[in-house]
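**Student:** everything below, folded, please.
(chains A and B)
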Amino acid sequence: MAKIFVLILSAFLIVQKVEIVPLAQLQNRVVQNNDTLYVVNFWATWCKPCVEEIPYFEEVQRQFERQKVKVMLVSLNSLKELNSVQKFVTQKNIQSETLILQAGNPNIWLNQIDSTWSGAIPATVFYKNGKKVFFTEGELNDYQLDSLISLHKFNRL
Amino acid sequence: MKKIIILSVVFIALISFKHQGYHVGEIADDFKLKNVDGNMVSMADFKEAKGFVVIFTCNHCPFSKKYEDRIIALDKKYKNKGFPVIAVNPNDAVTYPDDNFENMQKRAKEKKFSFPYLHDETQSVARTWGPTRTPEVFVVQKEGNDFILKYTGAIDDNSDDAKAVKERYVENALDALLAGKPIENTFTKTVGCGIKWKK
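**Tutor:** Numbers count the residues shown, from 1 in each chain, chains lettered A, B, ... in the order given. All right, here's what the predicted structure looks like:
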């Protein structure tokens, strides 16, 4: 019983530590030969539509955690803004893994994510079995995100 | 069945995000938009201009703010050479009151904008030209009565730090045009705030 309490308590106390991650390292993390669906969302604290859709991604992380779906919130805030991103994650109690991308010239790295990406955020990309399986630029609502996860993770419509 | 319908809606919605608007080499339509001084402005008004640096930007976006001084510097450097800046704010002011006309006037005054800052209230210019984020640049050159798109994309390669810039894409494009040489990069990408379309 006490154990359960500790578990419940710790669920509220665990604060994600935001780290700065270079692009190559992010790619190594998500391009893997396994059937985990990596759901990578590009956002920033100053981007209102991004912040509005984060709860949907949090819900995906919560709902499908045991079914090998991994959400990663990749912030495009300036590296100097690490503190404000950490503050955002702590205050909103964000449970999905959150990191700040270190990537250099966007004219080069945006294409390495997807050639159709103009650079507007939010943008979302899925990886599975070592391949990119989905990309979109723009907001997703909860229905859209849900349908896309069903399709790409469970091959269900 | 319901899921299939939802999914179709999803895909139609996603397809509509794809880049539309002008590509390099195409003729860009002129516009007539209200400037912060209350006057209507068109490219055709600038009889002496060889072309324009049309920049879709706004008040609220942090990237636009980071580039304000660099946009002022571009105008200063290239207006006399025949390529003045025209800034256009395409954002929906209903959801982003920071970007409404009064706040545009305020910002233009505070920063002493040396160029027109136009309000694309109906978003028709942005819909036609096709920017996806702010700031986004379209360099056009006058050929007869036409305005031909020569460059589209980022101002430079470092939004964060003006001092650390290595590639000045817009300046390189303008210098090439002025020298009558081909532009090396006619299309570049950068991170920016998505255009806030009316719902």
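
**Student:** is stretch A:65-82 anywhere near chain B?
**Tutor:** Yes. Stretch A:65-82 is in contact with chain B by CB under 8 Å from any CB of the partner chain, via A:76, A:78, A:79, A:80. Any C-beta I mention is one placed from the backbone N, CA and C, and that applies to glycine too.

**Student:** so for that stretch, what gets flagged as buried?
**Tutor:** The neighbour-count check on stretch A:65-82 (16 or more other CB atoms under 10 Å in any protein chain shown) flags A:69, A:70, A:71, A:72, A:73, A:74, A:75, A:76, A:77, A:78, A:81 as buried.

**Student:** which parts of chain A are helices?
**Tutor:** Taking DSSP state H, the helices of chain A run over residues A:2-13, A:23-30, A:48-64, A:82-91, A:106-113, A:142-154.

**Student:** can I get those in JSON lines with mean pLDDT and distance to residue B:65?
**Tutor:** Shown next, in JSON lines, are the helices of chain A (pLDDT from 0 to 100; distance: least, CB to CB, whole Å):
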{"stretch": "helix A:2-13", "mean pLDDT": "60", "distance to residue B:65": "36"}
{"stretch": "helix A:23-30", "mean pLDDT": "96", "distance to residue B:65": "25"}
{"stretch": "helix A:48-64", "mean pLDDT": "95", "distance to residue B:65": "15"}
{"stretch": "helix A:82-91", "mean pLDDT": "96", "distance to residue B:65": "15"}
{"stretch": "helix A:106-113", "mean pLDDT": "96", "distance to residue B:65": "17"}
{"stretch": "helix A:142-154", "mean pLDDT": "93", "distance to residue B:65": "30"}
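
**Student:** I'd like those as CSV, with distance to residue B:197 appended.
**Tutor:** Listed next are the helices of chain A as CSV, based on distance: least, CB to CB, whole Å:
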stretch, distance to residue B:197
helix A:2-13, 38
helix A:23-30, 29
helix A:48-64, 10
helix A:82-91, 25
helix A:106-113, 21
helix A:142-154, 17
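
**Student:** which one of those lies closest to residue B:163?
**Tutor:** Relative to residue B:163, the nearest member of these by CB to CB is helix A:106-113, separated by 17.5 Å.

**Student:** give me the angle between the closest one and helix A:23-30.
**Tutor:** 10 degrees (axes from the mean of the first three to the mean of the last three CA atoms, to 10 degrees).

**Student:** now do residue B:61 against chain A, distance only.
**Tutor:** Distance, residue B:61 to chain A, using CB to the nearest CB, to the nearest Å: 8 Å.

**Student:** er, residue B:163 actually
**Tutor:** 14 Å.

**Student:** surely that residue is in a helix?
**Tutor:** Yes. Assessed by DSSP: H, G, I helix; E, B strand; the rest coil, residue B:163 belongs to a helix.

**Student:** for it, give its distance to residue B:153.
**Tutor:** 21 Å (CB to CB, to the nearest Å).

**Student:** count of neighbours near residue A:83?
**Tutor:** Using other CB atoms under 10 Å in any protein chain shown, residue A:83 has 10 other residues around it.

**Student:** how near is it to chain B?
**Tutor:** Taken as CB to the nearest CB, the span from residue A:83 to chain B is 15 Å.

**Student:** picking up where we left off before, compare residue B:163 and residue B:153 (neighbour count), which wins?
**Tutor:** residue B:153 (23 against 6).

**Student:** turn the buried residues of stretch A:65-82 into a markdown table, including pLDDT.
**Tutor:** Shown next, in a markdown table, are those (pLDDT from 0 to 100):
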| residue | pLDDT |
| --- | --- |
| A:69 | 96 |
| A:70 | 96 |
| A:71 | 97 |
| A:72 | 97 |
| A:73 | 98 |
| A:74 | 98 |
| A:75 | 98 |
| A:76 | 97 |
| A:77 | 96 |
| A:78 | 93 |
| A:81 | 95 |
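
**Student:** kindly report the residues of chain A close to chain B.
**Tutor:** A:44, A:46-49, A:76, A:78-80, A:105-107, A:110-111, A:116-122, A:136-138, A:143-144, A:147-148, A:150-151, A:156-157.
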